[in-house]
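Enquirer: I would like to see how this sequence folds:
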Amino acid sequence: MIRRRLAVALVAATSTTLALVTPVQAQEPSSLSSTTEAPENGNDLEGLPDMLMSAVVDGETALVLEVIRAIMALGLAVTQGATIILPLIPGGTDQLRNFFGQFGIQV
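Expert: As a prediction, the model looks like this:
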């Protein structure tokens, strides 16, 4: 029962985190509303509706989002690698339980 709750909690936390750090892909302003004129060049943000101004990601924010995405991808790779290798190590599951037990996580 505890394993199921832990799995559900991990999936919920991962999906929520991914939803928060994934940048919003805005559509062309002309396709969103027929009354809004599209900007002449791609750098002009005056033509965007007010609700889309929060979706604009500058260079520094994009860098932070990419770093977070890379860290999460690394964590995913380590988790998948451990899933494959752990059954091959004698006593591997017990070692993992003891490791998590040091941090107060019961698996």
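
Enquirer: which residue ranges of this protein form helices?
Expert: Secondary structure of the chain by DSSP state H: the helices cover 2-21, 29-32, 59-85, 92-102.

Enquirer: out of the ones you listed, which one sits most buried?
Expert: helix 29-32 (a mean of 13; mean count of other CB atoms under 10 Å). Where you see a C-beta, it was placed from the backbone N, CA and C, and this is true even at glycine.

Enquirer: turn the helices of the chain into CSV, columns for mean pLDDT.
Expert: Listed next are the helices of the chain as CSV, based on pLDDT from 0 to 100:
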stretch, mean pLDDT
helix 2-21, 76
helix 29-32, 51
helix 59-85, 89
helix 92-102, 88
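
Enquirer: how near is residue 96 to residue 16?
Expert: Residue 96 is 25 Å from residue 16, where distance means CB to CB, to the nearest Å.

Enquirer: what do you get for residue 79?
Expert: 17 Å.

Enquirer: with residue 101 instead?
Expert: In terms of CB to CB, residue 101 sits 26 Å off from residue 16.

Enquirer: again with residue 74
Expert: Residue 74 is 19 Å from residue 16, by CB to CB.

Enquirer: ditto for residue 82
Expert: Applying CB to CB to residue 82 and residue 16 gives a distance of 22 Å.

Enquirer: swap in residue 77?
Expert: Separation of residue 77 from residue 16 (CB to CB) stands at 20 Å.

Enquirer: and residue 59, by the same measure?
Expert: 26 Å.

Enquirer: and residue 88, by the same measure?
Expert: 32 Å.

Enquirer: before we move on, what about residue 62?
Expert: Distance from residue 62 to residue 16, counting by CB to CB: 21 Å.

Enquirer: fine, thanks again, bye for now.
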